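Asker: sequence and predicted structure below; questions after.
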Amino acid sequence: MRHYTAFGLHIHSEIPLPELAEGDPHSTADVCIRTGAIALPPMRPTMIYRRGIKAFFGQDDQASYLDWAGVASFKASGGNELLVSPVAADGNIISLFTVSEALGLILFQKGYFLLHASAVVLGDEAWCFMGMPGAGKSSTAAAFIKAGCRLLSDDLTAITFDEAGKPVVVPAYPQLKIWEKTVAGLRYDMSALEPVSEGVNKFAYQPREQFPTKVIPLKKVFFLHRARNKPAVQNLNMAEIPGEMLRNFPLPIELLKEDSLKKHFFQSLQCAKSAEILRKRRPEGFDNLEKWVETSVREQLIAE
């Protein structure tokens, strides 16, 4: 059994998960990841793709299921057990699929508020970046990290709420996946990066020694876009926020119904009470992106 930490949880796993931070072998498991056969219920196609493969989703009274043809099936139960049935022989591929939406099912069962977003620490605040594929979430996070900010999450951002009901971002695990074009555009040091299994044109930045271990208050959420016919930046009103958050839910939308949908709506508004929610046109070109990042970092430091 291997021992890891991610999303504030002690994870004990029968399969290697090299993306995650090493955990305490004497810890009590919050989540157990095991391998075994899975009898899938009726499955439906989703809009979720990883490595170009469409995910299929199903549910029964005891669990939620994900299946990627030719890769693996997953069964999430009770917020504390993830069963993996591998098909692919490459352990790195199995790990990639395990620590993404499959682990996300466990986080959802535990009550985390989830966003398809990247997040960084700026000063003592968490800033999140989300948007449609190609909007520049990871590139924007990479630019902030290059400017001295710390990584919080990549792709899957988990939010909980403190005793006062204010949103805090839970550190995910120390890996940011960056496209080769972004590596070149931001002039990242290639010797500090590792190729990842998600695609031949992606590399991993892994800040293991500087990765945060405590939750960070959420202060800004940016919905990134590239539309030139929209303002460069605008605040969202309260009526728009739940819909935008819903569009950036990272798991099968079938999970959000009745009480779960009401909870998601309420938590979206909770975030808006404490954090600034903006729609932001991503600056064109890496030079302009870095200028915006440098200005944001400087203004934040002055404010503190």
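Answerer: Great, that's in hand.

Asker: C-alpha only now, for contacts and for neighbours.
Answerer: Noted.

Asker: and residue 4, how far from residue 270?
Answerer: Distance, residue 4 to residue 270, by Cα to Cα, to the nearest Å: 30 Å.

Asker: from the chain's centroid, how far away is the helix or strand of the chain with the lowest mean pLDDT?
Answerer: Lowest on mean pLDDT, DSSP states H and E among the helices and strands of the chain sits strand 194-195, with a mean of 85. Relative to its parent chain, strand 194-195 has a centroid offset of 19 Å by Cα atoms, centre = their mean, to the nearest Å.

Asker: contacts for that strand?
Answerer: Strand 194-195 is contacted from outside by 201-205, using Cα atoms under 8 Å, 6 or more residues apart in numbering.

Asker: change it to 7 Å
Answerer: Strand 194-195 has contacts (Cα atoms under 7 Å, 6 or more residues apart in numbering) with 202-205.

Asker: just to revisit the earlier point, comparing residue 4 and residue 270, which shows the higher neighbour count?
Answerer: residue 4 (23 against 15; other Cα atoms under 10 Å).

Asker: quickly find the element holding that one.
Answerer: Element membership for residue 4, per DSSP states H and E: strand 2-6.

Asker: on contacts alone, who are the packing partners of that strand?
Answerer: strand 9-13, strand 21-22 (3 or more Cα pairs under 7 Å, 6 or more residues apart in numbering; DSSP states H and E).

Asker: of those strands, flag the one that's most buried.
Answerer: Among those, strand 9-13 has the highest mean neighbour count (mean count of other Cα atoms under 10 Å), at a mean of 22.

Asker: return it as PDB; C-alpha atoms alone will do.
Answerer: Presented in PDB, the C-alpha positions along strand 9-13 are these (Å, rounded to 0.1, in the frame of the first residue of the first chain):
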ATOM      1  CA  LEU A   9      -6.800  14.000   2.500                       C
ATOM      2  CA  HIS A  10      -4.600  11.000   3.500                       C
ATOM      3  CA  ILE A  11      -4.800   8.600   0.600                       C
ATOM      4  CA  HIS A  12      -3.800   5.000   0.800                       C
ATOM      5  CA  SER A  13      -3.500   3.400  -2.700                       C
END
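
Asker: and that strand, what does it pack against?
Answerer: Using 3+ Cα pairs under 7 Å, 6+ apart, the elements in contact with strand 9-13 are strand 2-6, strand 31-35.

Asker: just name the most buried of these.
Answerer: Among the helices and strands packed on strand 9-13, ranked by average contacts under mean count of other Cα under 10 Å, first place goes to strand 2-6 (a mean of 20).

Asker: which residues sit against it?
Answerer: 10-14, 16, 20-25, 172-173.

Asker: tell me where this protein is predicted with low confidence.
Answerer: Along the chain, the parts satisfying pLDDT under 70 run over 197-200, 304.

Asker: which residues does residue 1 contact?
Answerer: By Cα under 7 Å, 6+ apart, the contact set of residue 1 is 12-14.

Asker: one more time with 10 Å, if that's ok
Answerer: Counting by Cα atoms under 10 Å, 6 or more residues apart in numbering, residue 1 makes contact with 11-16, 25, 32-34.

Asker: wait, which of those residues is closest to residue 286?
Answerer: Closest approach to residue 286 among these (Cα to Cα): residue 16, at 35.5 Å.

Asker: roughly how far apart are the closest one and residue 259?
Answerer: 35 Å.

Asker: between these two, who's got more neighbours?
Answerer: Neighbour totals were compared for residue 16 and residue 259, and residue 16 leads with 16 against 9 (other Cα under 10 Å).
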